[in-house]
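[1] need a 3D model of the following:
(one chain, ligands or ions: 1)
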Amino acid sequence: MPLFTTTVPQVTNNGRPLQAKKRDFVTIDETLRAVNSSPSEGLRIRGAYLHVPFCFHKCHYCDFYSIVDSRDRQGIFTDRLIRELEAASEFIQASVETVFVGGGTPTLLKVEHWQRLLPVMRDRLRITPEVEFTVEANPETVTEELVGVLKAGGVNRVSIGCQSFNPQHLKSLERWHDPQNVHRSVSILRNAGIDNFNLDLIFAIPGQTVDQWLADLNEAIALRPSHISCYGLTYEANTPMTVKMKSGAIEPAEQELEAEMYLATIHRLAEAGYDHYEISNWSRRTPENSDANRCQHNLFYWKNANWWAFGPSASGHVKGLRWKNIGRLGEYLESDALPPITDVEQLDEDGRTGEQLMLGLRLIQGIDGMTLNDLLNRGSQGEPRRDALRRAVECQLIETRTDGGMRFTTAGLLQADSVIAELL
Ligand code: SF4
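    Numbering: from 1, shown residues only. Next up, the predicted model:
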(Lines give C-alpha, C1' and ligand atoms only; values in the text may rest on other atoms or scores of the structure.)
Protein backbone atom coordinates (compact mmCIF):
# COMPACT_ATOMS: atom_id res chain seq x y z
CA MET A 1 0.00 0.00 0.00
CA PRO A 2 1.45 3.43 -0.84
CA LEU A 3 1.62 5.84 2.05
CA PHE A 4 -0.56 8.37 0.25
CA THR A 5 -2.98 7.73 -2.57
CA THR A 6 -2.70 9.61 -5.83
CA THR A 7 -5.28 12.30 -6.33
CA VAL A 8 -5.09 15.36 -8.51
CA PRO A 9 -6.47 18.48 -6.78
CA GLN A 10 -10.16 18.80 -7.41
CA VAL A 11 -12.76 21.52 -7.73
CA THR A 12 -13.06 23.07 -4.29
CA ASN A 13 -12.86 26.61 -3.03
CA ASN A 14 -12.17 25.65 0.53
CA GLY A 15 -12.13 22.36 2.30
CA ARG A 16 -14.75 21.20 4.72
CA PRO A 17 -13.69 20.80 8.33
CA LEU A 18 -13.56 17.31 9.74
CA GLN A 19 -14.60 18.19 13.25
CA ALA A 20 -17.61 20.38 13.69
CA LYS A 21 -20.35 20.77 16.20
CA LYS A 22 -23.65 21.09 14.41
CA ARG A 23 -26.14 23.54 15.86
CA ASP A 24 -29.34 24.97 14.54
CA PHE A 25 -30.03 28.64 14.99
CA VAL A 26 -32.60 30.59 13.11
CA THR A 27 -30.53 33.41 11.65
CA ILE A 28 -26.89 34.39 11.59
CA ASP A 29 -27.40 37.42 13.85
CA GLU A 30 -28.97 35.21 16.55
CA THR A 31 -26.17 32.70 16.11
CA LEU A 32 -23.48 35.34 16.43
CA ARG A 33 -25.17 36.75 19.52
CA ALA A 34 -25.27 33.25 21.02
CA VAL A 35 -21.54 32.66 20.56
CA ASN A 36 -20.43 36.23 21.09
CA SER A 37 -22.44 38.63 23.21
CA SER A 38 -21.35 41.59 21.10
CA PRO A 39 -21.31 40.16 17.59
CA SER A 40 -20.53 43.26 15.59
CA GLU A 41 -17.85 44.63 17.91
CA GLY A 42 -14.39 44.20 16.48
CA LEU A 43 -15.77 42.19 13.61
CA ARG A 44 -13.81 42.92 10.46
CA ILE A 45 -15.70 41.57 7.46
CA ARG A 46 -13.15 41.55 4.64
CA GLY A 47 -15.11 39.88 1.86
CA ALA A 48 -18.70 39.59 0.67
CA TYR A 49 -20.09 36.74 -1.42
CA LEU A 50 -23.48 37.10 -3.16
CA HIS A 51 -25.17 34.12 -4.77
CA VAL A 52 -27.43 34.56 -7.81
CA PRO A 53 -29.19 31.21 -8.25
CA PHE A 54 -30.40 31.38 -11.87
CA CYS A 55 -29.04 29.46 -14.85
CA PHE A 56 -30.53 29.01 -18.32
CA HIS A 57 -29.53 25.35 -18.35
CA LYS A 58 -28.16 22.95 -15.76
CA CYS A 59 -24.68 21.65 -16.68
CA HIS A 60 -24.32 17.95 -15.92
CA TYR A 61 -21.27 18.16 -13.65
CA CYS A 62 -22.56 21.05 -11.53
CA ASP A 63 -23.61 20.73 -7.89
CA PHE A 64 -23.82 24.44 -7.08
CA TYR A 65 -27.29 25.57 -6.10
CA SER A 66 -28.93 26.98 -9.22
CA ILE A 67 -32.26 26.60 -10.97
CA VAL A 68 -33.69 27.10 -14.41
CA ASP A 69 -36.49 29.39 -13.31
CA SER A 70 -39.63 29.29 -15.44
CA ARG A 71 -41.43 31.67 -13.07
CA ASP A 72 -39.43 34.80 -13.76
CA ARG A 73 -38.59 35.55 -10.12
CA GLN A 74 -35.55 37.71 -10.87
CA GLY A 75 -37.37 40.88 -9.78
CA ILE A 76 -38.52 39.57 -6.41
CA PHE A 77 -35.14 37.91 -5.88
CA THR A 78 -33.42 41.27 -6.37
CA ASP A 79 -35.84 42.94 -3.92
CA ARG A 80 -35.08 40.21 -1.39
CA LEU A 81 -31.30 40.47 -1.85
CA ILE A 82 -31.52 44.22 -1.32
CA ARG A 83 -33.39 43.66 1.97
CA GLU A 84 -30.70 41.20 3.04
CA LEU A 85 -27.93 43.70 2.22
CA GLU A 86 -29.70 46.32 4.30
CA ALA A 87 -30.19 43.94 7.21
CA ALA A 88 -26.52 42.90 7.24
CA SER A 89 -25.27 46.49 7.47
CA GLU A 90 -25.02 46.20 11.25
CA PHE A 91 -22.22 43.66 10.84
CA ILE A 92 -20.34 45.36 8.01
CA GLN A 93 -18.93 48.43 9.64
CA ALA A 94 -16.06 49.23 7.32
CA SER A 95 -15.52 48.91 3.60
CA VAL A 96 -15.13 45.30 2.51
CA GLU A 97 -11.97 44.58 0.52
CA THR A 98 -13.47 42.11 -1.95
CA VAL A 99 -16.90 41.35 -3.39
CA PHE A 100 -17.63 38.23 -5.40
CA VAL A 101 -20.97 37.65 -7.12
CA GLY A 102 -21.24 33.98 -8.07
CA GLY A 103 -23.92 31.49 -8.86
CA GLY A 104 -25.66 30.27 -10.75
CA THR A 105 -25.15 32.71 -13.57
CA PRO A 106 -25.04 36.30 -12.27
CA THR A 107 -24.90 37.63 -15.83
CA LEU A 108 -28.34 36.09 -16.42
CA LEU A 109 -29.78 38.70 -14.08
CA LYS A 110 -31.39 41.36 -16.26
CA VAL A 111 -29.80 44.79 -16.61
CA GLU A 112 -32.75 46.50 -14.90
CA HIS A 113 -32.18 44.37 -11.78
CA TRP A 114 -28.44 45.05 -11.73
CA GLN A 115 -29.23 48.75 -12.00
CA ARG A 116 -31.23 48.51 -8.76
CA LEU A 117 -28.85 46.17 -6.98
CA LEU A 118 -25.47 47.81 -7.65
CA PRO A 119 -26.13 51.16 -5.86
CA VAL A 120 -27.34 49.28 -2.77
CA MET A 121 -24.26 47.06 -2.81
CA ARG A 122 -22.00 50.08 -3.20
CA ASP A 123 -23.74 51.81 -0.31
CA ARG A 124 -24.15 48.90 2.12
CA LEU A 125 -20.81 47.20 1.48
CA ARG A 126 -19.06 50.57 1.21
CA ILE A 127 -17.50 49.61 -2.10
CA THR A 128 -14.67 51.93 -3.12
CA PRO A 129 -12.69 51.80 -6.40
CA GLU A 130 -9.92 49.87 -4.58
CA VAL A 131 -12.25 46.97 -3.79
CA GLU A 132 -11.74 43.86 -5.94
CA PHE A 133 -15.27 43.43 -7.31
CA THR A 134 -15.76 40.23 -9.31
CA VAL A 135 -18.82 38.96 -11.17
CA GLU A 136 -19.01 35.45 -12.62
CA ALA A 137 -20.18 35.29 -16.21
CA ASN A 138 -21.40 32.69 -18.63
CA PRO A 139 -20.06 33.65 -22.09
CA GLU A 140 -23.52 33.21 -23.58
CA THR A 141 -24.97 36.02 -21.46
CA VAL A 142 -22.30 38.74 -21.75
CA THR A 143 -23.59 41.82 -23.60
CA GLU A 144 -22.17 45.31 -24.11
CA GLU A 145 -25.11 46.83 -22.27
CA LEU A 146 -24.71 44.57 -19.24
CA VAL A 147 -20.93 45.02 -19.03
CA GLY A 148 -21.39 48.81 -19.27
CA VAL A 149 -23.80 48.72 -16.31
CA LEU A 150 -21.50 46.43 -14.28
CA LYS A 151 -18.47 48.61 -14.96
CA ALA A 152 -20.36 51.78 -14.01
CA GLY A 153 -21.48 50.02 -10.81
CA GLY A 154 -17.89 49.31 -9.73
CA VAL A 155 -17.26 45.83 -11.13
CA ASN A 156 -13.57 45.59 -12.05
CA ARG A 157 -13.04 41.85 -12.46
CA VAL A 158 -15.01 39.16 -14.32
CA SER A 159 -14.65 35.40 -14.07
CA ILE A 160 -15.74 33.63 -17.24
CA GLY A 161 -16.92 30.02 -17.12
CA CYS A 162 -15.07 28.83 -20.19
CA GLN A 163 -14.38 25.17 -19.20
CA SER A 164 -13.31 24.10 -22.72
CA PHE A 165 -13.09 25.49 -26.27
CA ASN A 166 -13.79 22.06 -27.71
CA PRO A 167 -17.50 21.65 -28.70
CA GLN A 168 -17.31 17.89 -28.19
CA HIS A 169 -16.07 18.23 -24.63
CA LEU A 170 -18.54 21.01 -23.84
CA LYS A 171 -21.20 18.60 -25.02
CA SER A 172 -19.91 15.87 -22.66
CA LEU A 173 -20.26 18.35 -19.80
CA GLU A 174 -23.71 19.40 -21.07
CA ARG A 175 -22.35 22.90 -20.97
CA TRP A 176 -24.38 25.11 -23.26
CA HIS A 177 -22.27 27.83 -24.74
CA ASP A 178 -20.61 28.52 -28.05
CA PRO A 179 -16.81 28.62 -27.50
CA GLN A 180 -16.63 31.62 -29.84
CA ASN A 181 -18.63 33.55 -27.27
CA VAL A 182 -15.68 33.37 -24.88
CA HIS A 183 -13.69 35.42 -27.43
CA ARG A 184 -16.66 37.76 -27.94
CA SER A 185 -17.05 38.23 -24.15
CA VAL A 186 -13.36 39.04 -23.75
CA SER A 187 -13.60 41.72 -26.49
CA ILE A 188 -16.63 43.26 -24.81
CA LEU A 189 -14.86 43.33 -21.44
CA ARG A 190 -11.71 44.87 -22.88
CA ASN A 191 -13.67 47.48 -24.83
CA ALA A 192 -15.43 48.44 -21.59
CA GLY A 193 -12.06 48.79 -19.81
CA ILE A 194 -12.20 45.56 -17.79
CA ASP A 195 -8.82 43.91 -18.40
CA ASN A 196 -8.84 41.93 -15.21
CA PHE A 197 -10.60 38.67 -16.01
CA ASN A 198 -10.32 35.01 -15.14
CA LEU A 199 -10.99 32.00 -17.34
CA ASP A 200 -12.21 28.83 -15.63
CA LEU A 201 -11.11 25.63 -17.36
CA ILE A 202 -11.81 21.96 -16.68
CA PHE A 203 -9.48 19.08 -17.56
CA ALA A 204 -9.83 15.29 -17.39
CA ILE A 205 -13.13 15.42 -19.26
CA PRO A 206 -14.11 11.90 -20.45
CA GLY A 207 -12.42 11.18 -23.77
CA GLN A 208 -10.11 14.22 -23.58
CA THR A 209 -6.48 13.67 -24.60
CA VAL A 210 -3.47 15.60 -23.26
CA ASP A 211 -3.10 17.32 -26.64
CA GLN A 212 -6.74 18.40 -26.60
CA TRP A 213 -6.31 19.77 -23.09
CA LEU A 214 -3.19 21.67 -24.12
CA ALA A 215 -5.11 23.07 -27.12
CA ASP A 216 -7.73 24.41 -24.68
CA LEU A 217 -5.05 25.84 -22.43
CA ASN A 218 -3.25 27.49 -25.36
CA GLU A 219 -6.47 29.06 -26.63
CA ALA A 220 -7.06 30.45 -23.14
CA ILE A 221 -3.49 31.78 -22.88
CA ALA A 222 -3.85 33.47 -26.27
CA LEU A 223 -6.64 35.61 -24.77
CA ARG A 224 -4.11 36.88 -22.16
CA PRO A 225 -6.40 36.62 -19.12
CA SER A 226 -5.00 38.05 -15.89
CA HIS A 227 -5.94 34.83 -14.11
CA ILE A 228 -6.61 31.18 -15.03
CA SER A 229 -8.26 28.51 -12.85
CA CYS A 230 -7.85 24.87 -13.91
CA TYR A 231 -9.82 22.13 -12.18
CA GLY A 232 -9.84 18.39 -12.68
CA LEU A 233 -13.41 17.25 -13.39
CA THR A 234 -15.04 15.92 -10.23
CA TYR A 235 -18.01 13.61 -10.05
CA GLU A 236 -20.17 15.21 -7.37
CA ALA A 237 -22.91 13.20 -5.70
CA ASN A 238 -26.33 13.33 -7.36
CA THR A 239 -25.22 15.06 -10.55
CA PRO A 240 -26.24 13.64 -13.96
CA MET A 241 -22.51 13.25 -14.75
CA THR A 242 -22.09 10.90 -11.78
CA VAL A 243 -25.21 8.95 -12.73
CA LYS A 244 -23.79 8.47 -16.23
CA MET A 245 -20.42 7.44 -14.79
CA LYS A 246 -22.04 4.91 -12.45
CA SER A 247 -24.13 3.43 -15.25
CA GLY A 248 -21.02 3.02 -17.41
CA ALA A 249 -22.26 5.50 -20.04
CA ILE A 250 -19.06 7.53 -19.60
CA GLU A 251 -15.64 6.57 -18.40
CA PRO A 252 -13.73 8.94 -16.15
CA ALA A 253 -10.14 9.80 -17.11
CA GLU A 254 -7.51 7.48 -15.64
CA GLN A 255 -5.66 8.96 -12.66
CA GLU A 256 -2.34 8.79 -14.52
CA LEU A 257 -3.81 10.74 -17.44
CA GLU A 258 -5.28 13.35 -15.12
CA ALA A 259 -1.90 13.69 -13.37
CA GLU A 260 -0.17 14.08 -16.73
CA MET A 261 -2.61 16.85 -17.67
CA TYR A 262 -2.05 18.65 -14.36
CA LEU A 263 1.74 18.52 -14.72
CA ALA A 264 1.46 19.72 -18.33
CA THR A 265 -0.67 22.62 -17.03
CA ILE A 266 1.96 23.64 -14.48
CA HIS A 267 4.66 23.54 -17.13
CA ARG A 268 2.72 25.35 -19.89
CA LEU A 269 1.39 28.14 -17.68
CA ALA A 270 4.84 28.81 -16.16
CA GLU A 271 6.22 29.07 -19.69
CA ALA A 272 3.44 31.52 -20.60
CA GLY A 273 4.22 33.85 -17.67
CA TYR A 274 1.65 32.71 -15.13
CA ASP A 275 2.47 32.37 -11.45
CA HIS A 276 1.11 29.21 -9.84
CA TYR A 277 -0.04 30.49 -6.45
CA GLU A 278 -2.70 27.97 -5.36
CA ILE A 279 -3.28 24.34 -6.26
CA SER A 280 -5.78 25.19 -9.02
CA ASN A 281 -5.05 28.87 -9.65
CA TRP A 282 -2.56 30.86 -11.70
CA SER A 283 -2.15 34.65 -12.05
CA ARG A 284 -0.36 36.46 -14.87
CA ARG A 285 2.91 38.02 -13.72
CA THR A 286 3.37 41.71 -14.37
CA PRO A 287 6.79 43.39 -14.70
CA GLU A 288 6.16 45.36 -11.50
CA ASN A 289 4.55 42.73 -9.30
CA SER A 290 4.41 38.97 -9.68
CA ASP A 291 1.31 38.60 -7.47
CA ALA A 292 -0.74 41.60 -8.61
CA ASN A 293 -3.31 39.46 -10.42
CA ARG A 294 -4.05 36.95 -7.66
CA CYS A 295 -7.71 36.66 -6.70
CA GLN A 296 -7.85 38.47 -3.37
CA HIS A 297 -11.32 37.15 -2.61
CA ASN A 298 -10.24 33.52 -2.89
CA LEU A 299 -7.11 34.32 -0.87
CA PHE A 300 -9.45 35.38 1.93
CA TYR A 301 -11.03 31.91 1.79
CA TRP A 302 -7.63 30.24 1.91
CA LYS A 303 -6.40 32.52 4.68
CA ASN A 304 -9.53 31.93 6.75
CA ALA A 305 -10.53 35.61 6.81
CA ASN A 306 -14.07 36.76 7.65
CA TRP A 307 -16.52 36.94 4.77
CA TRP A 308 -20.26 37.48 4.73
CA ALA A 309 -22.70 35.47 2.61
CA PHE A 310 -25.76 36.81 0.79
CA GLY A 311 -28.37 34.94 -1.21
CA PRO A 312 -29.76 31.39 -1.08
CA SER A 313 -27.25 28.65 -0.20
CA ALA A 314 -24.36 31.13 0.12
CA SER A 315 -21.77 30.16 2.74
CA GLY A 316 -20.15 32.60 5.15
CA HIS A 317 -17.38 32.51 7.75
CA VAL A 318 -16.80 34.73 10.74
CA LYS A 319 -14.19 33.99 13.44
CA GLY A 320 -14.29 30.21 13.01
CA LEU A 321 -18.09 30.10 12.67
CA ARG A 322 -19.33 28.81 9.32
CA TRP A 323 -22.86 28.85 8.06
CA LYS A 324 -24.96 28.48 4.96
CA ASN A 325 -28.01 30.56 4.10
CA ILE A 326 -31.20 28.64 3.54
CA GLY A 327 -30.82 26.67 0.34
CA ARG A 328 -33.99 26.95 -1.70
CA LEU A 329 -35.04 30.03 -3.59
CA GLY A 330 -38.71 29.75 -2.51
CA GLU A 331 -37.78 29.57 1.20
CA TYR A 332 -35.29 32.38 0.79
CA LEU A 333 -37.91 34.59 -0.85
CA GLU A 334 -40.42 33.89 1.92
CA SER A 335 -37.93 34.92 4.62
CA ASP A 336 -37.15 38.49 5.54
CA ALA A 337 -34.13 40.55 6.59
CA LEU A 338 -31.34 38.06 7.40
CA PRO A 339 -32.44 34.67 6.06
CA PRO A 340 -32.56 31.46 8.11
CA ILE A 341 -29.31 29.54 8.10
CA THR A 342 -28.33 25.87 8.14
CA ASP A 343 -25.13 23.85 8.51
CA VAL A 344 -23.80 26.01 11.31
CA GLU A 345 -20.37 24.82 12.35
CA GLN A 346 -18.14 26.09 15.09
CA LEU A 347 -14.78 24.34 14.98
CA ASP A 348 -12.94 23.53 18.18
CA GLU A 349 -9.25 24.39 18.44
CA ASP A 350 -8.08 21.13 16.84
CA GLY A 351 -10.54 21.59 14.00
CA ARG A 352 -9.47 25.21 13.43
CA THR A 353 -5.80 24.24 13.44
CA GLY A 354 -6.35 21.41 10.94
CA GLU A 355 -8.27 23.74 8.70
CA GLN A 356 -5.54 26.38 8.83
CA LEU A 357 -2.93 23.76 7.92
CA MET A 358 -5.10 22.57 5.03
CA LEU A 359 -5.81 26.05 3.69
CA GLY A 360 -2.19 27.19 4.13
CA LEU A 361 -0.79 24.20 2.26
CA ARG A 362 -3.17 24.79 -0.66
CA LEU A 363 -1.08 27.88 -1.36
CA ILE A 364 2.03 27.07 -3.40
CA GLN A 365 4.24 29.15 -1.08
CA GLY A 366 3.03 26.95 1.79
CA ILE A 367 3.14 27.97 5.45
CA ASP A 368 5.93 30.02 6.99
CA GLY A 369 8.02 28.57 9.82
CA MET A 370 6.64 30.68 12.64
CA THR A 371 3.01 30.02 11.73
CA LEU A 372 3.64 26.30 11.23
CA ASN A 373 5.34 25.98 14.57
CA ASP A 374 2.51 27.81 16.26
CA LEU A 375 -0.12 25.59 14.57
CA LEU A 376 1.70 22.39 15.51
CA ASN A 377 1.88 23.46 19.14
CA ARG A 378 -1.87 23.98 19.40
CA GLY A 379 -4.55 21.52 20.45
CA SER A 380 -4.16 17.80 21.06
CA GLN A 381 -3.20 16.77 17.53
CA GLY A 382 0.24 18.40 17.28
CA GLU A 383 2.26 15.15 17.49
CA PRO A 384 0.21 13.12 14.96
CA ARG A 385 0.36 16.09 12.62
CA ARG A 386 4.14 16.39 12.99
CA ASP A 387 4.38 12.65 12.19
CA ALA A 388 2.18 13.06 9.10
CA LEU A 389 4.35 15.96 7.90
CA ARG A 390 7.54 13.96 8.57
CA ARG A 391 6.21 11.07 6.48
CA ALA A 392 5.23 13.44 3.69
CA VAL A 393 8.74 14.98 3.74
CA GLU A 394 10.33 11.49 3.62
CA CYS A 395 8.17 10.68 0.61
CA GLN A 396 9.23 13.99 -0.98
CA LEU A 397 5.65 15.19 -1.14
CA ILE A 398 6.36 18.14 1.14
CA GLU A 399 9.57 20.16 1.38
CA THR A 400 10.94 22.41 4.09
CA ARG A 401 11.24 26.13 3.38
CA THR A 402 14.38 28.01 4.38
CA ASP A 403 12.45 29.65 7.25
CA GLY A 404 11.40 26.25 8.63
CA GLY A 405 7.96 26.39 7.03
CA MET A 406 6.63 23.79 4.62
CA ARG A 407 5.09 23.57 1.18
CA PHE A 408 4.07 20.90 -1.30
CA THR A 409 6.58 19.65 -3.86
CA THR A 410 5.25 19.22 -7.39
CA ALA A 411 4.83 15.49 -6.71
CA GLY A 412 3.00 16.42 -3.52
CA LEU A 413 0.55 18.65 -5.38
CA LEU A 414 -0.64 15.54 -7.22
CA GLN A 415 -1.47 13.92 -3.91
CA ALA A 416 -2.50 17.02 -2.00
CA ASP A 417 -5.94 15.77 -0.99
CA SER A 418 -4.63 12.65 0.70
CA VAL A 419 -1.73 14.41 2.44
CA ILE A 420 -4.12 17.06 3.74
CA ALA A 421 -6.52 14.36 4.94
CA GLU A 422 -3.71 12.97 7.12
CA LEU A 423 -3.19 16.41 8.66
CA LEU A 424 -6.84 16.95 9.44
S1 SF4 B 1 -23.64 27.67 -15.59
FE2 SF4 B 1 -22.36 27.31 -13.76
S3 SF4 B 1 -23.75 27.33 -12.00
FE4 SF4 B 1 -25.02 27.13 -13.87
S5 SF4 B 1 -25.34 24.93 -14.08
FE6 SF4 B 1 -23.54 25.44 -15.32
S7 SF4 B 1 -21.77 25.15 -13.95
FE8 SF4 B 1 -23.61 25.22 -12.66
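[2] spell out which parts of the protein neighbour the ligand.
    Contacts of the chain with the ligand, taken as C-beta under 6 Å from any ligand atom, map to 55, 58-59, 62, 64, 66, 103-105, 138, 161. Any C-beta I mention is one placed from the backbone N, CA and C, and that applies to glycine too.
[3] okay, and which of those map to helices?
    Per DSSP state H, helices hold no members of the residues of the chain next to the ligand.
[4] what's the ChimeraX line that selects buried ones from the residues you listed?
    Buried members of the residues of the chain next to the ligand, defined by 16 or more other C-beta atoms under 10 Å, are picked up in ChimeraX with:
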select :55,59,62,66,103,104,105,138,161
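[5] could the residues of the chain next to the ligand be laid out in a markdown table, adding pLDDT?
    Formatted as a markdown table, the residues of the chain next to the ligand follow (pLDDT from 0 to 100):
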| residue | pLDDT |
| --- | --- |
| C55 | 97 |
| K58 | 95 |
| C59 | 96 |
| C62 | 95 |
| F64 | 93 |
| S66 | 95 |
| G103 | 92 |
| G104 | 94 |
| T105 | 97 |
| N138 | 97 |
| G161 | 97 |
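[6] mind giving me the packing neighbours of the helix or strand containing V135?
    In this assignment (DSSP states H and E), V135 forms part of strand 132-137. Applying 3 or more C-beta pairs under 8 Å, 6 or more residues apart in numbering; DSSP states H and E, we find strand 132-137 packed against strand 98-103, strand 157-163, helix 296-302.
[7] turn these into CSV, including distance to A337.
    Output for those, formatted as CSV (distance: least, C-beta to C-beta, whole Å):
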stretch, distance to A337
strand 98-103, 20
strand 157-163, 29
helix 296-302, 25
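[8] how far off centre is whichever helix in the chain runs longest?
    In the chain, assigned by DSSP H, the helix with the most residues is helix 255-271. Here helix 255-271 is found 21 Å from its chain centre; the criterion is C-alpha atoms, centre = their mean, to the nearest Å.
[9] show me what that helix is packed against.
    strand 197-203, helix 210-222, strand 227-232, strand 274-278, helix 410-413.
[10] all helices for the stretch 301-424 of the chain, in order.
    329-334, 349-362, 369-376, 382-394, 410-413, 416-423 (DSSP state H, counting those that start in this stretch).
[11] out of the ones you listed, which is closest to D195?
    Among the helices of the stretch 301-424 of the chain, helix 349-362 comes nearest to D195, with 26.8 Å by C-beta to C-beta.
[12] need the contact partners of the closest one.
    14-15, 17-20, 278-279, 301-304, 320, 347, 366-367, 371-372, 375, 378-381, 385, 398, 406-408, 416, 419-420, 423-424 (C-beta atoms under 8 Å, 6 or more residues apart in numbering).
[13] quick one: mean pLDDT for that helix?
    Average pLDDT, helix 349-362: 91.
[14] can you name the next helix or strand after the helix or strand bottoming out on mean pLDDT in the chain?
    Within the chain, confidence by mean pLDDT, DSSP states H and E is lowest for strand 21-23 among all helices and strands, at a mean of 43. Next helix or strand after strand 21-23 toward the C-terminus (DSSP H and E): helix 28-35.
[15] for S290, helix, strand, or coil?
    coil (DSSP: H, G, I helix; E, B strand; the rest coil).
[16] report the contact partners of the nearest residue to it once chain neighbours are set aside.
    Computed as C-beta to C-beta, 6 or more residues apart in numbering, the closest residue to S290 that is not its neighbour in sequence is D275, at 5.3 Å. For D275, the contact set (C-beta under 8 Å, 6+ apart) comprises 282-285, 290-291, 294.
[17] tell me which of the residues you listed is nearest to the ligand?
    W282 (20.3 Å; C-beta to the nearest ligand atom).
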